[in-house]
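Asker: Provided below are the primary sequence and the corresponding predicted coordinates.
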Amino acid sequence: MEKEQLIFIDDSVRAWLASLDDIIPALIDEMVTTTKKNRFDLVTNVDKTIQQRFQQFLTETFPEHQLFAEEKTNEEVHPHEGHVWIMDPIDGTANLVKQQEDYCIILGYFVDGVPMLSYIYDYPHGKLYKAVKGYGAYVNGAPLEKPESIELKDAVVSFNALVINANKMQELFDASFSHRFIGSCGLDSVRVINGQFGLHINTNPKPWDIAAQFLFASELGLKMTTLDNKPLDYATAGPFIISNPGCHEEMLDVLNSGAGYKK
Ligand code: IPD
Ligand code: CA
Ligand code: CA
């Protein structure tokens, strides 16, 4: 793809993201929450409206681009062909509902299976993280450095404690420096991207939870793999780790040793 075309798409999408600042406060004021699969699986008018608006933006601006997103069926989408946007309109919906903080919008743009642009918009903190294929990663336009190497013993590690068995949890606490979990796959990943956390693990992510992270990882020298240390397919997702290169292998060794991590 021509550089000019990529810049045009980036400018257009950033302008669209900025337009959300005008509508999110009112959407939150009149928030309507419903459940999906169970009482913990929430969706709100904020999620639905943001996704509808992005679909409308694509239809008007880039009509040949497909949208693969959480709050739709995606049956008609061919995720490895042509221009594809993968979107989580709100990642961390439970945080939005319970705390009005620690949620983000995730967007990953792929052309014939190659990640070209990525965005993680931390709206409550006014921070837009962006990665551009071949041109690095940025926060609010300022370049992000590649994080320095972190050994597991010095690393803050992030995972949902509810999905790891008690024995493995203790092993992970012993092997690392400490544990933190924000509850938004995008923002837990941002901590790794910023060099604050050593790693983030999600044992059951969907494509929209991890779509943007591929390009941040490749532009910043981070590791992003399955929990068996294999390549990940963005269209199917599944258990994943995004990690500082200094602790990736050791973490997977600890995680998979003995009886493993599953409950
Ligand atoms: C969830 C969050 C959470 C992660 C779940 C995701 P949602 O996304 O990222 O941190 O543990 O696996 O489903 O439902 O808020 O978009
Ligand atoms: Ca999500
Ligand atoms: Ca979501």
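Answerer: Everything's here; your move. Ligands and ions are numbered 1, 2, ... in the order given.
Asker: Tell me the residue of the stretch 1-150 of the chain that sits nearest ligand 2?
Answerer: Residue of the stretch 1-150 of the chain nearest ligand 2, by C-beta to the ion: Asp91 (3.8 Å). In short, each C-beta sits where N, CA and C put it, glycine included.
Asker: Verify the contact between that residue and Asp188 for me.
Answerer: No - between Asp91 and Asp188 there is no contact under C-beta atoms under 8 Å: 9.7 Å.
Asker: Those two: which is more packed in?
Answerer: With neighbours defined as other C-beta atoms under 10 Å, Asp91 and Asp188 compare such that Asp91 has more, 29 against 25.
Asker: Kindly state the pLDDT recorded for the more buried one?
Answerer: For Asp91, the pLDDT comes out at 98.
Asker: how close does the residue lying closest to it once chain neighbours are set aside sit to ligand 1?
Answerer: Leaving out its chain neighbours, the residue that sits closest to Asp91 by C-beta to C-beta, 6 or more residues apart in numbering is Gly186, at 4.3 Å. For Gly186, the distance to ligand 1 equals 7 Å [C-beta to the nearest ligand atom, to the nearest Å].
Asker: so Gly186 touches Cys104, yeah?
Answerer: Yes - using C-beta under 8 Å, Gly186 is in contact with Cys104, at 4.4 Å.
Asker: could you pull out the strands for the stretch 51-200 of the chain?
Answerer: Using DSSP state E, counting those that start in this stretch, the strands of the stretch 51-200 of the chain run over residues 66-69, 83-91, 104-111, 114-122, 127-132, 136-139, 142-143, 156-158, 178-179, 199-202.
Asker: In TSV, list these along with distance to ligand 3.
Answerer: Below are the strands of the stretch 51-200 of the chain laid out as TSV (distance: least, C-beta to the ion, whole Å):
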stretch	distance to ligand 3
strand 66-69	9
strand 83-91	5
strand 104-111	8
strand 114-122	13
strand 127-132	17
strand 136-139	22
strand 142-143	27
strand 156-158	18
strand 178-179	23
strand 199-202	13
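Asker: right, so of those strands, which gets closest to Thr44?
Answerer: strand 83-91 (7.1 Å; C-beta to C-beta).
Asker: wouldn't His65 be in contact with Glu81 here?
Answerer: No - when contacts are counted by C-beta under 8 Å, His65 is not listed as touching Glu81 (11.7 Å).
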